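S.K.: Requesting a structural model of the entry that follows:
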Amino acid sequence: MPVRDYGIWKGFPAHYELEDRFEDPKSPHLSLYYHDNNAKMPQFDRDYRHKHKGNPPNKQKPREIPGLFRAAINIKSTGKESRLAYWVNHNIVEHPIAKKLSNLDFGFHPIEELTDFDGKGLDFIRGNLFTTQSGRVLPHDIPGTNNDIIDVLEPEVKKAIHHKATIYLFGSMFNTRNGIHNVHMNQGNIPRFVKDDGVFQDGGLLIEYDDHWTGVFLAFASQAAHTDDHNGHAFAKHLVTWADVLPKEIIENSVAIKEALINPRGRDDRSAKEKEFVTLENLTNHRVALASWRFHNAAGQVQALPHNAALDSRAMKRFEMSNCPLSNNGDTITLLNEEGLRVDGVSYGARQGATEGRPIVFAH
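M.R.: Predicted structure coming up:
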């Protein structure tokens, strides 16, 4: 198997450190510290690495924390295409691999020693671990919220630590045997890393909670989305990468206008107890920040959304329209993002607007 010392490490997450664009702009990592002592949490210094937080990397200061193992998780590629592809499967418990993992003892297990696995680890292409089109291609660290790999990966790690979950790390054990790396896709590589190609040897992080499992999977955007079944190499003549396959950040079809209360009961002015509102629905599997988004009506009036407005995955939320009145005689409602681009738009007629106290529901 091209990736050396590949296997599965079962343990408990204890701490994490992130390298942002200031600490390491070239080859940053998320260091997930863990232990495999089922009896108790080892003692360790949580501030061991904090002294240089926010500064360029200190080569004299080791990334390891005494008393813990470290999973070195790449959060940026060193190549020209530096972005990562990211998938999360909150229903990985339905995959056959979950049952096999739950039976493992704590510690590191070389894949060839696990009879239940037949020498096969994870495979992003052949293993049906996630729905391909649910993935995102994200940069390492840029200003804003929910728009880079740190924004989406950190909450999963925090949650695992907070809930004292059990983790299963797929990858290569360090030569020093005090941690694991290659916790990402290990096939379809660019020529520089083609020696690491192989099938059923991808890295990943699976998290077991009391009531559910979550799978977190990372690949480099430059890696091939289709590889040879025998050696895991990319098809050079017909190269298709994750950057090519995964959907771009689509503006439309991300947030929808679900319903609108056009004609509240009572007086039709600012003193009315019941206010006009529009309900937005997040159609994506990730959180969407709505800062600087706004509504427009047909008259050109504008209702800005609150600066801290956001929608969690698949969530809905109401927003009052105090500065953008909606006509009972028919109107249009347009939702624009922070760049002024149309995200969604609906219209209704006088008959719908005449109904008092009942929101109009818009089909999408």
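S.K.: In a helix, Asp116, correct?
M.R.: Yes: counting by DSSP: H, G, I helix; E, B strand; the rest coil, Asp116 is found in a helix.
S.K.: confidence score at it?
M.R.: Looking at Asp116, its pLDDT is 92.
S.K.: What is the neighbour count of it?
M.R.: Using other CB atoms under 10 Å, Asp116 has 11 neighbouring residues. Every C-beta, even on glycine, is put in place using the N, C-alpha and C of the backbone.
S.K.: Just the element for the nearest residue to it once chain neighbours are set aside, please.
M.R.: Closest residue in space to Asp116, ignoring its immediate chain neighbours: Lys100 at 4.8 Å, by CB to CB, 6 or more residues apart in numbering. According to DSSP states H and E, Lys100 maps onto helix 96-102.
S.K.: Show the average pLDDT along the helix or strand harbouring His296.
M.R.: Taking DSSP H and E as the definition, His296 sits inside strand 294-297. What strand 294-297 shows for mean pLDDT is 94.
S.K.: quick revisit: quick one, what contacts the residue nearest to Asp116?
M.R.: Residues in contact with Lys100 (CB atoms under 8 Å, 6 or more residues apart in numbering) are 114, 116-117.
S.K.: Switch those residues over to a markdown table; also include distance to Ser222.
M.R.: Shown next, in a markdown table, are the contacts of Lys100 (distance: CB to CB, whole Å):
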| residue | distance to Ser222 |
| --- | --- |
| Leu114 | 30 |
| Asp116 | 33 |
| Phe117 | 28 |
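S.K.: Closest one to Lys195 out of those, please.
M.R.: Phe117 (23.4 Å; CB to CB).
S.K.: That closest one reaches Pro110, doesn't it?
M.R.: No: applying CB atoms under 8 Å, one finds Phe117 not in contact with Pro110, separated by 10.3 Å.
S.K.: quick one, which of the two is more surrounded?
M.R.: Phe117 (18 against 13).
S.K.: just to confirm, which helix or strand has the closest residue to Ile73 other than its chain neighbours in it?
M.R.: Nearest residue to Ile73, sequence neighbours excluded (CB to CB, 6+ apart): Leu30, at 4.4 Å. Using DSSP H and E, Leu30 sits in strand 29-35.
S.K.: what's the angle from the helix or strand just after that strand to strand 29-35?
M.R.: Beyond strand 29-35 on the C-terminal side, the first helix or strand identified by DSSP H and E is strand 69-74. Orientation note: strand 69-74 sits at an angle of 160 degrees relative to strand 29-35 (axes from the mean of the first three to the mean of the last three CA atoms, to 10 degrees).
S.K.: in terms of contact count, name the helices or strands touching the next helix or strand along the chain from strand 69-74.
M.R.: Downstream of strand 69-74, the next assigned helix or strand under DSSP H and E is strand 84-89. Other elements packing on strand 84-89 under the criterion 3 or more CB pairs under 8 Å, 6 or more residues apart in numbering; DSSP states H and E are strand 136-138, helix 149-162, strand 213-220.
S.K.: so what strands line up beside strand 84-89?
M.R.: strand 136-138 (antiparallel), strand 213-220 (antiparallel) (DSSP bridges).
S.K.: mean pLDDT for those strands: which is lowest?
M.R.: strand 136-138 (a mean of 90).
S.K.: contacting residues around that strand?
M.R.: Residues contacting strand 136-138 (CB under 8 Å, 6+ apart): 83-86, 147-149, 151-152, 221, 242-243, 246, 248-249, 286.
S.K.: cool, and stretch 291-300?
M.R.: 145, 278, 302-305, 307-310, 319, 321, 324-327, 331-338, 343.
S.K.: same deal with stretch 181-189?
M.R.: By CB under 8 Å, 6+ apart, stretch 181-189 touches 2-3, 6, 71-74, 84-85, 123-125, 169-172, 174, 196-199, 201-205, 217-220, 223-227, 232-234, 241.
S.K.: tell me, how many neighbours does Tyr84 end up with?
M.R.: Slight slip there: residue 84 is Leu, not Tyr. With other CB under 10 Å as criterion, Leu84 counts 28.
S.K.: Sorry, wrong one. I was asking about Phe200.
M.R.: 20.
S.K.: For it, which three-state class applies?
M.R.: coil.
S.K.: For the remainder of this discussion, apply numbering that starts at 649.
M.R.: Shifting the count to begin at 649 puts that one at Phe848.
S.K.: Quick check: it touching Leu777?
M.R.: No: between Phe848 and Leu777 there is no contact under CB under 8 Å: 11.3 Å.
S.K.: between those two, what contacts are shared?
M.R.: Between them, Phe848 and Leu777 share the contacting residues 770-771, judged by CB under 8 Å, 6+ apart.
S.K.: and Phe717, what are its bridge partners?
M.R.: Beta-bridge partners of Phe717, as defined by DSSP bridges: Tyr682.
S.K.: okay, now the nearest residue to His811 once chain neighbours are set aside: neighbour count?
M.R.: Nearest non-adjacent residue to His811, counting by CB to CB, 6+ apart: Tyr857, 5.8 Å away. Using other CB under 10 Å, Tyr857 has 14 other residues around it.
S.K.: again with Asn776
M.R.: Other residues close to Asn776 by other CB under 10 Å number 12.
S.K.: got it, and Lys923?
M.R.: Lys923: 12 neighbours (other CB under 10 Å).
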